[in-house]
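Chemist: coords below, sequence missing:
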């Protein structure tokens, strides 16, 4: 029997989250090892468009439901729908992107399907006919290799662990609607509205991240408005400092990160925090500005390909991980660095 | 109203982790209440204080796993339960969820169940949703703001954070919540709280107390390692002026071919 690998394509209003396509490529890798075919399922408002796209990325069958009682994401009915496709199609593997929705659905489907779940996996290998998955644990301070003894095997994949597959517009097909009865107990939670997040590049998907730490508030040349108290003046200084970080990020098309110290001090919202109790990131380029490199922070960005550190303190631990280091004040270095990169990138 | 908070005891986040003979070790770093769970405790306390609630904090662990529970008690939770059983070793997250679900049923008439978003040891982040699924309670994950709790109509409304922004959701009791850091800074245990917690007798429930056989575990972890050290040669960039340094650094960055 040919193995069927089902991938959940996480989408919002017709736009797939990039990690979804990366999970599809993990499925392609599995097909290369064990044979079989890749199926996709996607749910919610706009999912028909995403379902069509999935054919272009190489799926052989695609299932979706964009009906009104499923237009807003709610974990309970979405998980029921995914579990139903797994059972009807006899899928041996169920893969998700590690997104907020993907991880939650994987958890619920594991209960429905009486199996386990291996979340936030960064690599796969075959050993003795078993699929071994690598999971960073303790914020990546250790790597654990895991496998699942029950079927289906449920895995969620960390952003940027796999590349996105080639899109070929000549491949197409007709996606199939999957119906489920949305029962009363599911209706106990009800979505009543949305508010937009900050517009910008998502940290976990970002190829480039520019991060600021405590050091961004230390510019002695700035004079805060006189009516601010000490704490407000510090935050004012920090926000002035973060402007430099944001300008550099904009030039390199990067996301803006921050250390826990900077978030806890109120300089930037928590959604920017990189580290063990923030986001775990793995960009191609990570520029750390005024970040000393607490173990907490290093755990969240140590797998970045190239790290650049700018810090006043020559003994800052961040330099041990850095490909390039500058001992200096970020206020002096960032403006000319932003200009220099803008020129080289022709912006 | 009755609230349960599910917590875990983990090595401190600053611990230097090592593997000795295949066993994970964290040196002399202390065991603490999982940092994410502090937000769950804080959130439960705020609701409980407003609505005259009663909070039971639960963990699954070895006989001596009292650090997380004591911290939660010291912060203000009313009582704690340790679930411990000699048959529980190497259990996966869905097995833990089966046990927690049974414990929540045993507590009885629970209105809200709180979890942290994940534990900083296994970094799984699935136990809350697995428990909710077993219980058949709605799951409200990644809650950033609790906007309203209405005990009379048994309703809660929250804002959840997703990749796109915030989703406002209403739900009924009982519901399971996992909260994130922007719910608000957890309080420090008070002196009185610490004294009370240190004297607390924490009951231990076995699996038979919960009417359970040892649940099946499906996920196995045969191998754990310290990641190979990265070979990094750090090149320090120096120059006559910030402009000079910036130009050199820009050339070096372009040379890495990552932009």
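Modeler: The structure has been received and is ready for your questions. In this text the structure is predicted, and so the values were computed from the model without any measurement. Numbers count the residues shown, from 1 in each chain, chains lettered A, B, ... in the order given.
Chemist: run a quick neighbour tally on residue B:210.
Modeler: Residues near residue B:210, counting by other Cβ atoms under 10 Å in any protein chain shown, number 18. For the C-beta atoms, the positions are set from N, CA and C on the backbone; glycine is no exception.
Chemist: I figured it hits residue B:83, correct?
Modeler: Yes: Residue B:210 lies in contact with residue B:83 (Cβ atoms under 8 Å); the separation is 7.2 Å.
Chemist: how much space between the residue nearest to residue A:141 when sequence neighbours are not counted and residue B:118?
Modeler: Spatial nearest neighbour of residue A:141, excluding adjacent residues (Cβ to Cβ, 6 or more residues apart in numbering or on different chains): residue B:17 at 4.1 Å. Distance of residue B:17 to residue B:118, computed by Cβ to Cβ, to the nearest Å: 17 Å.
Chemist: which neighbours do residue B:210 and residue B:83 share?
Modeler: B:99, B:103 (Cβ atoms under 8 Å, 6 or more residues apart in numbering or on different chains).
Chemist: would you map the helices across the chain?
Modeler: Defaulting to chain A. Remark: helices assigned in chain A by DSSP state H are A:18-34, A:47-56, A:75-89, A:100-112, A:230-251, A:260-264, A:295-301, A:318-321, A:330-344.
Chemist: that answer is for a different chain, and I need it for chain B
Modeler: Going by DSSP H, chain B shows helices at B:35-51, B:67-75, B:93-107, B:127-135, B:191-199, B:242-255.
Chemist: what angle separates the last one from helix A:330-344?
Modeler: Read it as helix B:242-255. Using axes from the mean of the first three to the mean of the last three Cα atoms, to 10 degrees, the direction of helix B:242-255 lies 50 degrees away from that of helix A:330-344.
Chemist: can you give the contact residues for helix B:242-255?
Modeler: A:285, A:306, A:308, A:324, A:326, A:328, A:332-333, A:336-337, A:339-341, A:343-344, B:235, B:237-239, B:259.
Chemist: okay, residue B:107 and chain A: tell me how far apart.
Modeler: 20 Å (Cβ to the nearest Cβ, to the nearest Å).
Chemist: touching, that residue and residue B:3? I think so.
Modeler: No: judged on Cβ under 8 Å, residue B:107 makes no contact with residue B:3 at a distance of 9.6 Å.
Chemist: just want to know which of these two has more residues nearby.
Modeler: Between residue B:107 and residue B:3, residue B:3 has the larger neighbour count (other Cβ under 10 Å), namely 25 against 16.
Chemist: from chain A, how far out is residue B:128?
Modeler: The value you get for residue B:128 to chain A, if Cβ to the nearest Cβ is used, is 8 Å.
Chemist: once you drop chain neighbours, what's closest to residue A:17?
Modeler: Closest to residue A:17 by Cβ to Cβ, 6+ apart is residue A:10, at 4.6 Å.
Chemist: and the one you found, what does it touch?
Modeler: A:16, A:17, A:19, A:20, A:42, A:96, A:97, A:99, A:101, A:102.
Chemist: surely the first one is in contact with residue A:9?
Modeler: This points to residue A:16. Yes: assessed by Cβ under 8 Å, residue A:16 is found in contact with residue A:9 at 5.4 Å.
Chemist: more neighbours: which of those two?
Modeler: Set side by side, residue A:16 and residue A:9 show more neighbours around residue A:9, with 27 against 23, by other Cβ under 10 Å.
Chemist: which residues touch residue B:163?
Modeler: A:12, A:17, A:99, A:100, A:197, A:202.
Chemist: show me the shaky parts of chain A.
Modeler: A:1, A:184-187, A:198-200 (pLDDT under 70).
Chemist: from the centre of it, point out the most distant residue.
Modeler: residue A:226 (41.2 Å; Cα atoms, centre = their mean).
Chemist: which residues are in contact with that residue?
Modeler: Applying Cβ under 8 Å, 6+ apart, no residues contact residue A:226.
Chemist: leaving out sequence neighbours, find the closest residue to residue A:31.
Modeler: Going by Cβ to Cβ, 6+ apart, residue A:31 has residue A:38 as its nearest residue, at 6.2 Å.
Chemist: that neighbour: neighbouring residues, count only.
Modeler: 26.
Chemist: my read is that it contacts residue A:32, right?
Modeler: No: using Cβ under 8 Å, residue A:38 is not in contact with residue A:32; the gap is 11.0 Å.
Chemist: measure stretch A:146-153 end to end?
Modeler: Start-to-end span of stretch A:146-153 (Cα to Cα, to the nearest Å) is 11 Å.
Chemist: residues making contact with it?
Modeler: By Cβ under 8 Å, 6+ apart, stretch A:146-153 touches A:6, A:86, A:91-94, A:113-118, A:130-133, A:135, A:154, B:216, B:218-222.
Chemist: only whichever of the residues you listed are buried, select them in ChimeraX.
Modeler: Filtering the contacts of stretch A:146-153 down to the buried ones (16 or more other Cβ atoms under 10 Å in any protein chain shown) takes a single ChimeraX command:
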select /A:6,86,91,92,93,94,113,115,116,117,118,131,132,133,135,154 /B:218,219,220,221
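Chemist: just the ones in strands from the contacts of stretch A:146-153, please.
Modeler: A:6, A:93-94, A:118, A:130-133, A:135, A:154, B:219-222 (DSSP state E).
Chemist: nothing else from me, thank you.
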